[in-house]
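A.B. asks: Predicted model and sequence below, questions to follow.
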Amino acid sequence: MKNKLQQFAILTLFMMTVVILLFVFVPQFIYVTIVVECFALLASMHLIFFDQRPVSAKFAWILTILLIPYAGLLCFLLIGKNPRSRKIPQLQRNSESLLQQKVAEIVEKEHAYFNERHPLSHELFCLSGKHALMGNQLDVFHDGKQAFDQILADIEAAQHHIHVFYFIIKGDRTGAKLLQLLAKKAATGVKVKLMYDSLGSIKLPYDMLRPLEESGGEVRPYDLVNSPLLSTRINWRNHRKMVVVDGKIAHIGGMNIGNEYLSQTDKFRYWRDTNMRMSGLAVLEVQEVFIYDWLFLDPDQSTIGDFLSDVTLYFPTSQRCMQGETVQIIYGGPYDSERVIRDAFIDSIGKAAKSIKLAMPYFVPDEESFSALRRAARCGIQVQVIIPGKGDRGVSFHGSNSFIDRLMDAGIEVYFYDPRSFIHCKVMIVDDEIATIGSTNFDMRSFYLNHELSAFIYGPSKTIDALIQQFSVDLAKSISIDQLRQERTVLTIIKERLSALFIPLL
């Protein structure tokens, strides 16, 4: 499995070489080219008239299909399908609905903990059906090592079950440490369930998972990439990161599992991330997200029955306490009829009256979310955006930078984080009263193609205060890019313009 991407790259290169040779040495091949161009035109017409994806994504695909007819058409057939066209089995839908209804019933009994005093919390409830819940104990971590150490400590203390999902689990020392601890806990009788995204963790050796399975743990790759031709679903990934322990403690945020997230990498001097530990009723909603994803892989009635037969163990409410913070858990994915995550971000921006602080590793918004930020700045709201000064991926880095001129034209302050380091946190703070932490980037992939999870926190809140303080620290380590933009080379401008055209595909 771990070599499928290499196989795809080799296969694509081989096919392109064959096509070029045929075109040069076989005159009749021109007729094949005409046929391919006809299919390319049909695909483009389908995108224009029948597809519901954003216009920028349509344009990027049409450009790719028409300018690179063989490779572009092949890519479209493999990864260009609209995720909303995916047929979800009715059994799976029934199981997911049963889960959501049961959790809603449990939460509704705790109505004394609902907090809809803030207008945004009511709007997000209407979007998602998830209440803003009071009484949560939150701890925010701005350093990967501290977050990872706390995750390991909570797993070590687990008594009944451990649920873990990560987009990326690396086969390095950090990944091995987590997997060894999970195997140890499974051997003691604790119910361990581990999921990982099959593409994000494509380099994770299966041998590292075997001890966990042999100890009684359950391991599932999410949407397995399982053929040399990959899969038509390869572009729809589960980007969530979450750990739930005994239904009482949850960890969410931007951090995956690997040495680099603990700043153990030669590419960057420091890796800046944000993770959050929570206890309280909001954990029940994170638990729902994990089980929802588990049912995606195993929708059988007996599976949902296993979870719901022990409701008090998987969804305990005994940890409720009025003293604490208000949290609203929002999650969504590519198969949803509504773009809940994206709309939640746009609604948050729309509530700003004084300031918006945004720190994101990947900034590639669609036109509506981009316009919401620009409109806020033009109304006199201070908007500050921190993006990486050095990217971990070239296309996404230059694609993010292609938006900078339009941001600055609207009066938005844009900063490059320390170019020797990488900022990977996904944090937004509005009016110093609302904040988001989670896996969601401010980009089209998170809004349209990924399964994501974010927590919206409402003040007054010590967690929001900590995020504001850390944002100031990050600003001090960043560079205002006014002068840097004037000094960029022609080659850099070309990279940004080209990346802006094609990044909606990614």
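C.D. replies: Noted; the coordinates are in hand.

A.B. asks: I'd like the mean pLDDT over the helix or strand in which residue 306 is found, please.
C.D. replies: Assigned by DSSP states H and E, residue 306 falls within helix 301-308. For helix 301-308, mean pLDDT rounds to 86.

A.B. asks: just use 43 as the starting number from now, easier for me
C.D. replies: Shifting the count to begin at 43 puts that one at helix 343-350.

A.B. asks: gap between that helix and the chain center?
C.D. replies: 27 Å (CA atoms, centre = their mean, to the nearest Å).

A.B. asks: Hmm, residue 89 is touching residue 103, no?
C.D. replies: Yes - using CB atoms under 8 Å, residue 89 makes contact with residue 103 at a distance of 5.7 Å. The C-beta positions use only the backbone N, C-alpha and C, and glycine is treated the same way.

A.B. asks: how's this structure carved up into domains?
C.D. replies: Per automatic domain parsing, the structural domains of the chain span 46-122, 132-157+174-367, 382-547.

A.B. asks: Where does pLDDT dip in the chain?
C.D. replies: 43-58, 60-62, 64-68, 70-75, 111, 268-274, 434-438, 440-441, 525-532, 534-548 (pLDDT under 70).

A.B. asks: one more time with 50, if that's ok
C.D. replies: For the chain, residues meeting the criterion pLDDT under 50 lie at 43-45, 270.

A.B. asks: Identify the single longest strand in it, thanks.
C.D. replies: strand 175-185 (DSSP state E).

A.B. asks: For the helix or strand that that strand is followed by, buried residues please.
C.D. replies: Proceeding N to C from strand 175-185, the next assigned helix or strand is helix 186-198, under DSSP H and E. By 16 or more other CB atoms under 10 Å, the buried positions in helix 186-198 come out as 186, 189-190, 192-193, 196-197.

A.B. asks: Please enumerate the helices of the stretch 293-442 of the chain.
C.D. replies: Using DSSP state H, counting those that start in this stretch, the helices of the stretch 293-442 of the chain run over 324-339, 343-350, 353-356, 382-392, 409-420, 436-443.

A.B. asks: My error: substitute the stretch 93-242 of the chain in the last question.
C.D. replies: 97-109, 111-121, 132-150, 161-170, 186-198, 215-229.

A.B. asks: any chance of these in a markdown table, with distance to residue 240 too?
C.D. replies: Rendered in a markdown table, the data for the helices of the stretch 93-242 of the chain read as follows (distance: least, CB to CB, whole Å):
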| stretch | distance to residue 240 |
| --- | --- |
| helix 97-109 | 23 |
| helix 111-121 | 14 |
| helix 132-150 | 18 |
| helix 161-170 | 27 |
| helix 186-198 | 22 |
| helix 215-229 | 15 |
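
A.B. asks: Out of the ones you listed, the one nearest residue 513 is which?
C.D. replies: Closest approach to residue 513 among these is made by helix 186-198 (17.5 Å; CB to CB).

A.B. asks: chain center to that closest one, what's the gap?
C.D. replies: With CA atoms, centre = their mean as the basis, helix 186-198 stands 21 Å off its chain's centre.

A.B. asks: tell me what it is packed against?
C.D. replies: Applying 3 or more CB pairs under 8 Å, 6 or more residues apart in numbering; DSSP states H and E, one finds that helix 186-198 makes contact with strand 175-185, helix 215-229, strand 283-287, strand 291-295, strand 313-321.

A.B. asks: buried sites along the last one?
C.D. replies: Residues of strand 313-321 classed as buried under the neighbour-count rule (16+ other CB under 10 Å) are 313-321.

A.B. asks: who touches stretch 388-398?
C.D. replies: 161-162, 165-166, 169, 410-411, 414-415, 418, 423-426, 470-474, 476, 478, 498 (CB atoms under 8 Å, 6 or more residues apart in numbering).

A.B. asks: Drop anything exposed from these.
C.D. replies: Among the contacts of stretch 388-398, the ones that count as buried by 16+ other CB under 10 Å are 162, 165-166, 169, 411, 414-415, 418, 423, 425-426, 470-474, 476, 478, 498.

A.B. asks: Quick check: nearest residue in space to the most centrally placed residue in the chain, chain neighbours excluded?
C.D. replies: Central residue check for the chain by CA atoms, centre = their mean: the C-alpha nearest the mean position is that of residue 281, 3.7 Å away. Excluding the flanking residues, the one nearest residue 281 by CB to CB, 6 or more residues apart in numbering is residue 492, at 4.0 Å.

A.B. asks: helix/strand/coil for residue 258?
C.D. replies: Judged by DSSP: H, G, I helix; E, B strand; the rest coil, the three-state class of residue 258 is coil.

A.B. asks: and residue 396, how many residues sit next to it?
C.D. replies: Burial of residue 396 is recorded as 11 neighbouring residues (other CB atoms under 10 Å).

A.B. asks: What of residue 508?
C.D. replies: Quick note: residue 508 (other CB under 10 Å) scores 18 neighbours.

A.B. asks: any idea which element it lies in?
C.D. replies: Element membership of residue 508, judged by DSSP H and E, is helix 504-518.

A.B. asks: Show me what that helix is packed up against.
C.D. replies: Packing partners of helix 504-518 (3+ CB pairs under 8 Å, 6+ apart): strand 175-185, strand 313-321, strand 397-401, strand 424-429, strand 469-472, strand 476-480.

A.B. asks: buried set for the helix or strand just after that helix?
C.D. replies: Later in the chain than helix 504-518, the nearest helix or strand by DSSP H and E is strand 520-522. Across strand 520-522, burial judged by 16+ other CB under 10 Å covers residue 520.

A.B. asks: same question, stretch 218-234
C.D. replies: Buried residues in stretch 218-234 (16+ other CB under 10 Å): 218, 220-221, 223-228, 232-234.

A.B. asks: out of these, who's nearest residue 448?
C.D. replies: Residue 448 has its nearest neighbour among the buried residues of stretch 218-234 in residue 220, at 41.1 Å by CB to CB.

A.B. asks: So the closest one sits against residue 210, correct?
C.D. replies: No - between residue 220 and residue 210 there is no contact under CB under 8 Å: 11.8 Å.

A.B. asks: Find residues that contact each of the two.
C.D. replies: Residues touching both residue 220 and residue 210 (CB under 8 Å, 6+ apart) are residue 299.

A.B. asks: Contacts only, for residue 130.
C.D. replies: Residues counted as contacts of residue 130 (CB under 8 Å, 6+ apart) are residue 377.

A.B. asks: for residue 124, phi and psi?
C.D. replies: Dihedral pair for residue 124: phi -70, psi 120, per degrees, to the nearest 10.

A.B. asks: surely it meets residue 96?
C.D. replies: No - with contact defined as CB under 8 Å, residue 124 does not count as touching residue 96 (10.8 Å).

A.B. asks: list residues touching both of these two?
C.D. replies: Common neighbours of residue 124 and residue 96 (criterion: CB under 8 Å, 6+ apart): none identified.

A.B. asks: For residue 407, see how far away the residue lying closest to residue 448 once chain neighbours are set aside is.
C.D. replies: Counting by CB to CB, 6+ apart, residue 448 lies nearest to residue 416, which is 7.1 Å off, once chain neighbours are set aside. For residue 416, the distance to residue 407 (CB to CB, to the nearest Å) stands at 10 Å.
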